[in-house]
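[1] 3D model of this:
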Amino acid sequence: MKLKQLEGIISQLVQFQNPKIELEQYSTGAHIASRMLYMADSSYDDISGKVVVDLGCGCGTLGVAASLLSADHVIGMDIDADALDLARENSLELEASIDLIQGNVASFRIEGVQVDTVVMNPPFGTRQKGADMMFLSSACQIANSTVYSLHKSSTREHVKRVALNNFGAKTADVLCQLRYNLSALYKFHKKQEVDIMVDLWRFTLQKAI
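    Numbering: from 1, shown residues only. Sure, this is the predicted structure:
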């Protein structure tokens, strides 16, 4: 599947209509999601034929993209039942095969399944300090091979240091910097939209497969 084709398909997905601020719910746009998953697949062979977990899956955008790119098994996890309903609607609409699980990222583990790759767009940690790193910690425990994640570019040095020193990452590389177009979703947003620079990270893990 070509990049533009993937972006066009996932741009049809239903996104949050009433996002929950306490969970920092923001949709992952088709432009970013398609490039994230396409690069993971075409450049690193981390999606097709692999077991992929979409951690904090929200509307299911990353998980659907992984399924469209021929992942062997996709699991989407989110704490929010309403988000999982949207993810289920989206996966059914595009005939994407995703197992959806409700759970808390801090304690979420998968038994009996060897997870190759975790993909995620975690909270940036602006409402709940440290939420971004809590997601990354959990992802590094769940995945056996690689983690792909989006983090604010302003946190780059901190993310790299903690991933390598505390979370067992063997490598931590910024693959590219992307412009995250954040539309006004909450009452405290004073602008119609704002651009946030984010890093697309690839972490490899020190685990025996």
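[2] run through who's touching the longest strand seen in the chain.
    Taking DSSP state E as the criterion, the chain has its longest strand at strand 169-183. With contact meaning CB atoms under 8 Å, 6 or more residues apart in numbering, strand 169-183 is reached by 26, 29, 32, 35, 39, 140, 147, 150, 153, 156, 159-160, 163-164, 192-206. To be clear about C-beta, it is placed using only N, CA and C from the backbone, and glycine gets the same treatment.
[3] swap in stretch 41-55?
    37, 40, 60, 62-63, 66, 69-77, 98, 105, 108, 110, 113-120, 122, 135, 138-139, 142-143, 145-146, 148, 202.
[4] so how do I select the buried members of those residues in PyMOL?
    Here is the PyMOL command that selects only those of the contacts of stretch 41-55 that count as buried (16 or more other CB atoms under 10 Å):
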select buried, resi 37+40+60+62+63+66+69+71+73+74+75+76+77+98+105+108+110+115+116+117+118+119+120+122+135+138+139+142+143+145+146+148+202
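[5] quick check: Gly58 vs Thr146, distance?
    21 Å (CB to CB, to the nearest Å).
[6] which secondary structure state is assigned to Glu203?
    Wrong residue type there; residue 203 is Phe, not Glu. Of the three states, Phe203 takes strand under DSSP: H, G, I helix; E, B strand; the rest coil.
[7] where does this structure dip in pLDDT?
    Scanning the chain for pLDDT under 70 picks out the ranges 16-25, 125-127, 182-194, 208-209.
[8] so where do the strands sit in it?
    51-55, 73-78, 99-102, 117-120, 146-152, 169-183, 193-205.
[9] wait, what's in contact with the residue most central in space within the chain?
    Taking CA atoms, centre = their mean, the centroid of the chain lies closest to Met120, which sits 1.5 Å from it. By CB under 8 Å, 6+ apart, Met120 lies in contact with Asp54, Leu55, Gly56, Leu62, Phe135, Ala139, Val147, Tyr148, Ser149, Leu150.
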